[in-house]
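Peer 1: let me see the structure of the following:
(one chain, ligands or ions: 1)
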Amino acid sequence: MTAVSRVAIAGGGVAGMAAAILLAEGGVHVDVFEQKPDPGALGSGITLQGNALRVFGRLGIWPAVQEESYSFDVLGIRAPGPEAPVLAQIPDQRTGGDEYPATAGMYRPDLARILTERAREVGANIHLAATVTSFAQDDAGVDVTRSDGRTDRYDLLIGADGLHSGIRSMLGIDVAPHRTGMGIWRAFVPRPESVTHTDLYYGGPAFIAGYCPTGEDSMYAYLVEAAQDHGDLGETERIDLMRELSQGYGGPWDEIRTSLTASARVNYTWFTAHLVPDAWNRGRVVIIGDAAHSCPPTIAQGAAQAAEDALVLAELLLARHAVDAALWEEFHARRLPRAKAVVEASVQVGQWMLDHDRDADVPGLMYRVGSLVSEPA
Ligand SMILES: Cc1cc2nc3c(=O)[nH]c(=O)nc-3n(C[C@H](O)[C@H](O)[C@H](O)COP(=O)(O)OP(=O)(O)OC[C@H]3O[C@@H](n4cnc5c(N)ncnc54)[C@H](O)[C@@H]3O)c2cc1C
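Peer 2: Okay, here's the model as predicted:
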C-alpha cells in the first residue's frame with residue numbers, strides 16, 4: 001500500500017500539476033484546487049532548462065511540450081550598443097541528459113494547458129475557481145476547506161500555492177519572499193528570424209537585456225534593471241519606458257522595439273527570493289515549489305525546482321507505506337540542499353550586477369549549478 005490514498009493539492013501551477021499527474025498515475029485519488037478560473041489565461045514566456053524537461057518526460061508531457069516550444073542548445077552573449085556584436089556563443093549544458101535539449105522557450109499558458117490536460121487524462125480531479133481557505137489536521141488526516149464552503153478529508157494536503165502561499169502562513173512558517181533589488185520588464189512579441197536562441201546583453205542602460213524564442217512566431221524579451229516603483233503606470237507608459245530602456249541595444253532589439261505595442265503585454269515585476277530553511281511540512285501538510293522557495297530568474301530554475309519537488313515527493317509517497325518522519329527526512333535531504341544551492345546562486349548572479357563586481361565569475365557559477373542539477377533530483 002502507498003503512503004497516501006487521497007491527496008488534496010492547493011494550486012495548479014507547475015508544482016501542483018506535476019504532483020497531481022504522478023500521484024494520480026500511481027493510483028492515488030487526487031483533488032487539485034486552483035483559485036484561477038482559467039490557468040491557461042494570457043501570460044508571458046518561460047525559459048525551461050533541461051532538468052525541467054527531464055521531469056516533463058516523466059510526466060508524459062515532453063512530446064506535447066516539444067511540439068509547442070522552441071528548443072536550443074546555445075547561449076549567446078552580445079555587447080550593448082547599436083551594433084550589438086556577438087561576443088560568444090556558449091554551448092549550453094544539457095542538464096536533463098542527452099535526450100533533452102539544453103533549453104526550451106515556451107508560452108506559459110500553453111504549458112499550463114498541457115499540464116492540466118495531462119492531469120485530467122491520468123484521472124486527477126481539477127477544480128477551477130476553487131480556493132483552499134483553511135485546513136485542520138490530526139495524526140490520521142487533514143480536513144481541507146474550500147471557498148465553496150465544502151470540507152473533505154485527505155491523507156495529505158500539498159500546498160503548491162506559489163510565492164505568496166497562504167498554506168505556508170497557515171502552517172505558521174514566517175519565511176516570506178524578499179526583494180532582491182532588481183526588476184524586470186517583459187514583453188511577448190513576434191520572433192525576428194535572426195533569433196534562434198537566448199542572447200544575453202550584459203551592461204548598457206539595463207543590467208541585462210535578453211530574449212528567448214518560444215515558438216516559430218513568438219518569443220519574449222526582457223530588460224533587467226535596479227528595482228523601481230512602476231506600480232501605478234498605465235499601459236502606454238509601460239510600453240514607452242520599456243522602449244526607451246531598450247534603445248541602448250541593437251541587433252534583434254531593433255526589430256523587437258517596433259513590436260513593443262499593446263499586443264506585447266508589457267509588464268514589470270520585482271525579483272524576489274526566499275527559502276524555507278528547515279522542514280517544509282508540518283504533520284500532513286507540506287509546501288512545495290514557489291511556496292517553499294523562490295529565486296530570481298537569473299538562471300531560470302524556478303519551474304525546474306518546482307517540478308523536481310513534486311517528482312521527489314510523489315516518488316516517496318508512492319514508494320513508502322506511511323507519512324512518517326522517515327519519509328520527511330528523505331524528502332528534505334533530497335530537496336533542501338539542491339533548492340538552497342539554486343536560490344543562493346540565482347541571488348548571487350543578480351547581486352554581482354548590483355555591486356558592479358567586475359571579478360564576478362558568472363559563467364563559473366552557472367556551470368556549477370548546471371552540473372548540480374544535471375544529476376537527477
Ligand atoms: C519575472 C519572473 C520570471 C520568471 N521566469 C522564469 C523562467 O524563465 N524559468 C523558470 O523556470 N522560472 C521562472 N520564474 C519562476 C517560475 O515562474 C516559478 O518558479 C514557478 O512558476 C513556480 O511554480 P509553482 O507551481 O510553485 O507556483 P505558481 O506557478 O505560482 O502556481 C501556484 C498556483 O496556486 C494558485 N493558488 C494560490 N493560492 C491558492 C489557494 N489558496 N487555493 C488554490 N489555489 C491557489 C495560484 O493561482 C497559482 O496558479 C520566473 C518568475 C518570475 C517572477
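Peer 1: OK, now which residue of the stretch 1-150 of the chain is nearest to the ligand?
Peer 2: residue 13 (2.3 Å; Cβ to the nearest ligand atom). C-beta coordinates here come from the backbone N, C-alpha and C atoms, glycine included.
Peer 1: wait, that residue sits on residue 306?
Peer 2: Yes. Checked against Cβ atoms under 8 Å, the pair residue 13 and residue 306 is within contact range at 7.0 Å.
Peer 1: contact partners of stretch 167-182?
Peer 2: Around stretch 167-182, the neighbours that count as contacts under Cβ atoms under 8 Å, 6 or more residues apart in numbering are 10, 132, 134-135, 157, 159, 161, 163-164, 207, 224-227, 270-277, 282, 285, 287, 291-292, 294, 296, 347, 350-351, 353-354.
Peer 1: ok, and which of those residues reach the ligand?
Peer 2: When the contacts of stretch 167-182 are checked against the ligand using Cβ under 6 Å from any ligand atom, the ones in range are 10, 132, 161, 163.
Peer 1: of those - the most surrounded one?
Peer 2: The member of those surrounded by the most neighbours (other Cβ atoms under 10 Å) is residue 10, with 30 neighbours in all.
Peer 1: okay, and which of the ones next to the ligand among the contacts of stretch 167-182 map to strands?
Peer 2: Per DSSP state E, strands hold the following members of those: 10, 132.
Peer 1: just checking: what are the partner strands of the longest strand along the chain?
Peer 2: Longest strand in the chain by number of residues (criterion: DSSP E): strand 178-190. When pairing is defined by DSSP bridges, strand 178-190 lines up against strand 218-226 (antiparallel), strand 267-275 (antiparallel).
Peer 1: roughly how far out does that strand sit from the chain middle?
Peer 2: Strand 178-190 has its average C-alpha position 14 Å from the chain's average C-alpha position, going by Cα atoms, centre = their mean, to the nearest Å.
Peer 1: stretch 121-137 now?
Peer 2: Taking Cα atoms, centre = their mean, one finds stretch 121-137 lying 21 Å from the centre of the chain it belongs to.
Peer 1: before we move on, what about stretch 188-207?
Peer 2: Using Cα atoms, centre = their mean, the distance from the centre of stretch 188-207 to the centre of the chain it belongs to is 20 Å.
Peer 1: could you list the buried residues of it?
Peer 2: 188-192, 195, 197-202, 204, 206-207 (16 or more other Cβ atoms under 10 Å).
Peer 1: name the element the most centrally placed residue in the chain belongs to?
Peer 2: When the chain is reduced to its mean C-alpha position, the nearest residue by Cα atoms, centre = their mean turns out to be residue 303, at 2.6 Å. Assigning secondary structure by DSSP states H and E places residue 303 in helix 302-319.
Peer 1: next, see if that helix gets close to the ligand.
Peer 2: Yes. Part of helix 302-319 sits close enough to the ligand to count as contact by Cβ under 6 Å from any ligand atom, namely 302, 303, 304, 306.
Peer 1: before we move on, the earlier item: which ChimeraX command selects the buried ones in the contacts of stretch 167-182?
Peer 2: One line in ChimeraX is enough to select the buried members of these, burial here meaning 16+ other Cβ under 10 Å:
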select :10,132,135,157,159,161,163,207,224,225,227,270,271,272,273,274,275,276,285,287,291,292,294,296,347,350,351,353
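Peer 1: just the pLDDT for residue 40.
Peer 2: Predicted confidence (pLDDT) for residue 40: 74.
Peer 1: surely it touches residue 113?
Peer 2: Yes. In this structure, residue 40 is within contact of residue 113 by Cβ under 8 Å, at 4.2 Å.
Peer 1: how close does the closest residue to residue 47 other than its chain neighbours get to the ligand?
Peer 2: In space, and not counting its chain neighbours, residue 47 is closest to residue 300: 4.1 Å by Cβ to Cβ, 6 or more residues apart in numbering. Relative to the ligand, residue 300 is positioned 4 Å away (criterion: Cβ to the nearest ligand atom, to the nearest Å).
Peer 1: what's around residue 300, how many residues?
Peer 2: Neighbour count of residue 300, defined by other Cβ under 10 Å: 19.
Peer 1: that one and residue 45 touch, don't they?
Peer 2: No. No contact is recorded between residue 300 and residue 45 when judged using Cβ under 8 Å, the distance being 10.8 Å.
Peer 1: on that earlier part again, do the longest strand of the chain and the ligand meet at all?
Peer 2: Yes. In this structure, strand 178-190 sits against the ligand according to Cβ under 6 Å from any ligand atom; the contacting residues are residue 184.
Peer 1: quick check: mean pLDDT across that strand?
Peer 2: Summarised as a single mean, pLDDT over strand 178-190 is 97.
Peer 1: what is the burial count for whatever residue of the stretch 51-200 of the chain ends up closest to the ligand?
Peer 2: Using Cβ to the nearest ligand atom, the point where the stretch 51-200 of the chain gets nearest to the ligand is residue 162, with a distance of 2.9 Å. Burial measure for residue 162: 22 neighbouring residues, criterion other Cβ under 10 Å.
Peer 1: so who does residue 128 touch?
Peer 2: 12, 34, 36, 37, 38, 39.
Peer 1: ChimeraX command for the buried members of these?
Peer 2: Here is the ChimeraX command that selects only those of the contacts of residue 128 that count as buried (16+ other Cβ under 10 Å):
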select :12,34,39
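Peer 1: just put the contacts of residue 128 in CSV and tack on secondary structure and distance to residue 125.
Peer 2: Rendered in CSV, the data for those read as follows (DSSP: H, G, I helix; E, B strand; the rest coil; distance: Cβ to Cβ, whole Å):
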residue, secondary structure, distance to residue 125
12, coil, 11
34, strand, 11
36, coil, 16
37, coil, 16
38, coil, 17
39, coil, 15
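Peer 1: can you show me the CA trace of stretch 92-109 as PDB?
Peer 2: Extracted in PDB, the C-alpha atoms of stretch 92-109 (Å, rounded to 0.1, in the frame of the first residue of the first chain):
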ATOM      1  CA  ASP A  92      24.700  25.200 -23.000                       C
ATOM      2  CA  GLN A  93      24.800  22.300 -20.600                       C
ATOM      3  CA  ARG A  94      22.100  19.600 -21.300                       C
ATOM      4  CA  THR A  95      21.100  19.400 -17.700                       C
ATOM      5  CA  GLY A  96      18.300  16.900 -18.500                       C
ATOM      6  CA  GLY A  97      20.600  14.500 -20.300                       C
ATOM      7  CA  ASP A  98      21.200  13.900 -24.000                       C
ATOM      8  CA  GLU A  99      17.500  13.100 -24.600                       C
ATOM      9  CA  TYR A 100      16.500  16.700 -24.000                       C
ATOM     10  CA  PRO A 101      17.700  20.000 -25.400                       C
ATOM     11  CA  ALA A 102      19.600  22.300 -23.000                       C
ATOM     12  CA  THR A 103      16.700  24.800 -23.100                       C
ATOM     13  CA  ALA A 104      13.200  25.200 -24.400                       C
ATOM     14  CA  GLY A 105      11.300  28.500 -24.500                       C
ATOM     15  CA  MET A 106       7.600  28.300 -24.200                       C
ATOM     16  CA  TYR A 107       4.400  30.400 -23.900                       C
ATOM     17  CA  ARG A 108       3.300  29.900 -20.200                       C
ATOM     18  CA  PRO A 109      -0.400  29.400 -21.000                       C
END
